[in-house]
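Trainee: take a look and give me a structure for this.
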Amino acid sequence: EVQLVESGGGMVQPGGSLRLSCVASGFTFKLYDMQWVRQAPGKGPEWVSTISTGGVTTYYAGSVKGRFTISRDNAKNTAYLQMSSLKPEDTAVYYCNARHSVYEYWGQGIQVTVSS
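Mentor: Model (predicted):
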């Protein structure tokens with residue numbers, strides 16, 4: 001059974017940090033590009049970041065560049081999103097996504113709330 005399980009979300013004050021984790025199982029993790037996508041209340045999905053299979057290449061949305069860092073550990077079948085200098089507008093449900101060719105898997109999502 002394919003699973004992507006996110007953890008590490010929660011509530012944090014503006015300027016704070018959180019690290020999200022996404023543990024994969026049921027497929028060959030190292031073959032998949034990994035992404036983080038978020039959806040704020042009342043808004044559509046927003047792509048946040050992508051990391052290539054080997055972890056060498058990364059991409060970021062302009063809204064998070066310089067504040068968020070995506071990484072992965074293929075030995076642990078885990079992708080991460082380190083989020084720093086968080087802003088209220090970062091409040092959203094964050095989803096991890098795995099993509100390879102025609103195959104695509106999604107996690108269940110985890111809430112991140114940035115509020116004072």
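
Trainee: can you tell me the helix or strand for the most centrally placed residue in the chain?
Mentor: Within the chain, one residue has its C-alpha closest to the average C-alpha position: by CA atoms, centre = their mean, that is residue 36, at 3.2 Å. Assigned by DSSP states H and E, residue 36 belongs to strand 33-39.

Trainee: beta partners of the residue nearest to the centre of the chain?
Mentor: residue 49, residue 96 (DSSP bridges).

Trainee: any idea how far residue 116 is from it?
Mentor: Counting by CB to CB, to the nearest Å, the gap from residue 36 to residue 116 is 24 Å. Quick note: C-beta positions are derived from backbone N, CA and C, even for glycine.

Trainee: and stretch 78-85, which residues are buried?
Mentor: Buried residues in stretch 78-85, defined by neighbour count with 16 or more other CB atoms under 10 Å: 78-81, 83.

Trainee: quick check: mean pLDDT across that stretch?
Mentor: Averaged over stretch 78-85, pLDDT sits at 98.
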